[in-house]
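>>> sharing a sequence plus its predicted fold:
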Amino acid sequence: MLYNRLMNEGYDGPLTQALGEQLDRMDKLVATERATQEMFAAALQSLHTKEQQIADFT
């Protein structure tokens, strides 16, 4: 990754640190988005299962 390459080459200035902080924030946002999508998919599957159970019962 760009940040790691910059750090390995000795570019440890404020811009590189700011880049690292932004990348950390982006990683957290991506993880949150992924978790949200997984929860939504599970809820949708649960709803589908309940609908199927109701259909089977009637």
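On my side now, so go ahead.

>>> how far away is the residue nearest the centre of the chain from Arg25?
With distances taken as CA atoms, centre = their mean, the residue of the chain nearest its centroid is Ala31 (2.1 Å). Look at Ala31 and Arg25: by CB to CB, to the nearest Å, they are 11 Å apart. (Each C-beta comes from the backbone N, C-alpha and C, glycine too.)

>>> next one: Thr32
For Thr32 relative to Arg25 (CB to CB), the value is 11 Å.

>>> cool, Ala43 as well?
27 Å.

>>> now the helices for the chain?
2-8, 14-57 (DSSP state H).

>>> most tightly packed of the ones you listed?
helix 2-8 (a mean of 12; mean count of other CB atoms under 10 Å).

>>> that helix: how far from the chain's middle?
With CA atoms, centre = their mean, to the nearest Å as the basis, helix 2-8 stands 23 Å off its chain's centre.

>>> who does that helix touch, helix- and strand-wise?
Using 3 or more CB pairs under 8 Å, 6 or more residues apart in numbering; DSSP states H and E as the contact test, the elements touching helix 2-8 are helix 14-57.

>>> hmm, back to that, weakest of the helices of the chain by average pLDDT?
The minimum mean pLDDT among the helices of the chain belongs to helix 2-8 (a mean of 78).
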